[in-house]
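Visitor: Give the three-dimensional model of this entry:
(2 chains)
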Number of protein chains: 2
Amino acid sequence: MNAPAVAGGPEATLEALVSRAFGPEAFDELGALLPELAEDLAGIEDRIKAVLPSDVPGLTEAVMYACTAGGKRLRPLLMAAAHRALGAGSARPVHALAAAFQLIHTASLIHDDVIDHADLRRGRPSVLRAFGLPAAIVSGDYLYVRAFELAAEYSPSIILRSGEACARLAEGELLQESCRFDLTMSREQYLQVVDRKTATIVSAALACVGDIAGSPAPIVEALAEYGRAVGVAFQLRDDLLDAYGEADLLGKPLYADFREGNPTLLSIEAYRRLSGRPKAEFDRLFARRAKRPRDLLKLRGLTDASGAADAVAAEARRWVASAIHALDPLPGGPYRSLLERLARAASSRRY
Amino acid sequence: MNAPAVAGGPEATLEALVSRAFGPEAFDELGALLPELAEDLAGIEDRIKAVLPSDVPGLTEAVMYACTAGGKRLRPLLMAAAHRALGAGSARPVHALAAAFQLIHTASLIHDDVIDHADLRRGRPSVLRAFGLPAAIVSGDYLYVRAFELAAEYSPSIILRSGEACARLAEGELLQESCRFDLTMSREQYLQVVDRKTATIVSAALACVGDIAGSPAPIVEALAEYGRAVGVAFQLRDDLLDAYGEADLLGKPLYADFREGNPTLLSIEAYRRLSGRPKAEFDRLFARRAKRPRDLLKLRGLTDASGAADAVAAEARRWVASAIHALDPLPGGPYRSLLERLARAASSRRY
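Guide: This is a model prediction of the structure:
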């Protein structure tokens, strides 16, 4: 008699993760790749968990809380899949770096929530609300530091590339702040914010994978381009979900961007398309510092009327196509197909 | 006819720095070392300034503001002097790392001021007050990232040692937060906080210098011990200056530790030494969340009466002696004497 399969092991975790984020059909497509990818994600989680503990108990608690709060593990999944797509029999050489990028991502979210005074993240109180301001600031710093310690395993060029991407990420945060309440920014200006805030770090993560695999420059460049395009598609989908998603799945209330006055392609496009009194009303409501629930619903209604959501979805699909096109120089095979699938999922995911 | 000396060059800057921090007599003692050290500090400043610019203008402005706000440059000075004390003809090999440690220090101060809601730092509004919360959070993150990029020039062991020290620094911040209003902590517990918050990073900086110079383990260990002891002496002096210094020289109001309820060896020792009604009053006033100016003066008066200041000064002198003793394995010479002088200055400085 065989021992029963262990429930809750790496494969079950990956299944739950993928089904929830991308829908059960995405999970079915993973098929034969599942055990290997599950092993990768488990290996990356191990690297993360190994660097988290501190003998200051409150700190361990806060960073464990932040790092085990769910999340799509999109970056680690992309990095492991990319490394395997390059023909490597194991993605172990990128595990530490994938752990580092996941920690950087988590650190940036914690500090983001401090900047936005956000109460909820992934269906639970943010680190700020659960542990307070000092713990939120320190947890972010601690995770950045741990990430760089993980990156120290790699060559200086990898560390520098990761560092530059982190610098762009920080810049993106501030650039976004400086655009608050500005509905007149152009699509190009907004895409510059997205590039820094989201796309550059995904692009760098994938380029580093190419470097680690010893790939020639055109492959590294292809991966960088793929990562950038997936990152943009991912962010545009995020913008859409904030107004058209399900709060339960997202783990946070809808309309955060409207509420905070953060322009996204959705609101920029809505504002551009509206005219006359609806445009003036959109402007007036968006500019309001303390918005009432009915203000948010009215903004959503005006957005509906403008047809902006379709335009944003089309833009996201263009980035997905461009991501898939970027993969041309890579060898074909199941992992390249998976990278294509993940690109499509970035713009179709439900959370 | 010779060209007139350029005012405001590196030597003038170092002279002003040393005279102001340690008194003019310290400057006189530097004598022949001055041109070399001034060159080092200028070289380190160049490395700092080279990594600061961002094309997000508000960010460049905020980090330049933070990095050029004065400060004693104690860490760079110690690192350059230590490298030269090991017989190196130039301290250039440690410039990038010294720049990194200075950036880490600055980043931690910016985030500290966010945690403490501090209005003033070095006689000017804190980054938090001058640029707002988002810029303060992002500037700190950005400086940490830039520091690690500078550290990428070095071997993995240097990066790891620096990273571990940064992790201790973050832990120290939170440990300190968890001790707020707790006057019953022991001297040993307080020294553990100091070790993390201040001493470990100085210790790591100096151990790295030994590593970079290719020194044998006992020398690296000696430098680590020296750095740790200087760091503790430095912090104890900081604690004293907060109650007994000159606000103008410090660039911030006195009694911040009393006000915030941050126990230091001064208040712990005062509380321990007092008894009866004065002890109860000290306890009651220290615990007050919103203290009036007269509460602060009363706390200072009770501290005077307790004799705690002399005890703290004596403790600082013991750490200075231990720092100087730690230098025994190093070769003698003017730079080792300078390291001794800097250790003494750590516990006698006026700001």
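Visitor: Give the burial count for the closest residue to residue A:296 other than its chain neighbours, as a bare number.
Guide: Take residue A:296 and drop its neighbours on the chain: the residue closest to it by CB to CB, 6 or more residues apart in numbering or on different chains is residue A:255, 4.2 Å away. Just so you know, the C-beta spots here come from the backbone N, C-alpha and C atoms, and that holds for glycine as well. Residue A:255: 17 surrounding residues under other CB atoms under 10 Å in any protein chain shown.
Visitor: same question, residue A:336
Guide: 19.
Visitor: now the residue lying closest to it once chain neighbours are set aside: how far from residue A:154?
Guide: Nearest residue to residue A:336 in three dimensions, chain neighbours excluded: residue A:85, at 4.8 Å (CB to CB, 6+ apart). Note on residue A:85: its distance to residue A:154, by CB to CB, to the nearest Å, is 20 Å.
Visitor: Tell me who's in contact with residue A:226.
Guide: A:82, A:206, A:323, A:326, A:327, A:339, A:343 (CB atoms under 8 Å, 6 or more residues apart in numbering or on different chains).
Visitor: Surely the first one and residue A:223 touch.
Guide: Pointing back at residue A:82 there. Yes. Using CB atoms under 8 Å, residue A:82 makes contact with residue A:223 at a distance of 5.9 Å.
Visitor: Tell me the buried residues in the longest helix along chain A?
Guide: Criterion DSSP state H: the longest helix present in chain A is helix A:217-244. Neighbour counts over helix A:217-244 (16 or more other CB atoms under 10 Å in any protein chain shown) mark A:219-220, A:222-243 as buried.
Visitor: which residues in the stretch 151-300 of chain A form helices?
Guide: A:156-178, A:187-194, A:200-212, A:217-244, A:247-250, A:256-260, A:265-273, A:276-287, A:293-306 (DSSP state H, counting those that start in this stretch).
Visitor: Make JSON lines from those helices and add mean pLDDT to it.
Guide: As requested, these are arranged in JSON lines below (pLDDT from 0 to 100):
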{"stretch": "helix A:156-178", "mean pLDDT": "94"}
{"stretch": "helix A:187-194", "mean pLDDT": "95"}
{"stretch": "helix A:200-212", "mean pLDDT": "98"}
{"stretch": "helix A:217-244", "mean pLDDT": "96"}
{"stretch": "helix A:247-250", "mean pLDDT": "78"}
{"stretch": "helix A:256-260", "mean pLDDT": "93"}
{"stretch": "helix A:265-273", "mean pLDDT": "97"}
{"stretch": "helix A:276-287", "mean pLDDT": "97"}
{"stretch": "helix A:293-306", "mean pLDDT": "96"}
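Visitor: Most tightly packed of these?
Guide: helix A:200-212 (a mean of 26; mean count of other CB atoms under 10 Å in any protein chain shown).
Visitor: which secondary structure elements does that helix contact?
Guide: helix A:74-85, helix A:92-115, helix A:156-178, helix A:217-244 (3 or more CB pairs under 8 Å, 6 or more residues apart in numbering or on different chains; DSSP states H and E).
Visitor: how much space between residue A:16 and residue A:73?
Guide: 11 Å.
Visitor: Between those two, which is the more surrounded one?
Guide: Between residue A:16 and residue A:73, counting by other CB under 10 Å, residue A:73 is the more crowded of the two (22 against 13).
Visitor: And the more buried one, how far from residue A:251?
Guide: 15 Å.
Visitor: Measure how buried the residue lying closest to residue A:113 once chain neighbours are set aside is and give me the count.
Guide: Excluding the flanking residues, the one nearest residue A:113 by CB to CB, 6+ apart is residue A:126, at 4.1 Å. Residue A:126 has 24 neighbours, counted by other CB under 10 Å.
Visitor: my guess is residue A:126 meets residue A:111, correct?
Guide: No. Counting by CB under 8 Å, residue A:126 stays clear of residue A:111, with 10.7 Å between them.
Visitor: Tell me the residues that contact both of the two, please.
Guide: Joint contacts of residue A:126 and residue A:111 (CB under 8 Å, 6+ apart) are residue A:136.
Visitor: if we can go back for a sec, what number of residues lie near the residue nearest to residue A:336?
Guide: 25.
Visitor: coming back round to it: of the helices and strands packed on helix A:200-212, which is nearest residue B:309?
Guide: Residue B:309 lies closest, by CB to CB, to one member of these: helix A:92-115, at 37.2 Å.
Visitor: the inter-axis angle of the closest one versus helix A:156-178?
Guide: 20 degrees (axes from the mean of the first three to the mean of the last three CA atoms, to 10 degrees).
Visitor: Report the mean per-residue pLDDT for helix A:92-115.
Guide: Average pLDDT, helix A:92-115: 96.
Visitor: For the stretch 51-200 of chain A, which residues are neighbours of chain B?
Guide: A:54-56, A:58-59, A:107-108, A:111, A:114-115, A:133-135, A:137-138, A:140-142, A:144-146, A:148-149, A:151-153, A:156, A:159-160, A:163-164, A:166-167, A:170-171, A:173-175, A:177-178 (CB under 8 Å from any CB of the partner chain).
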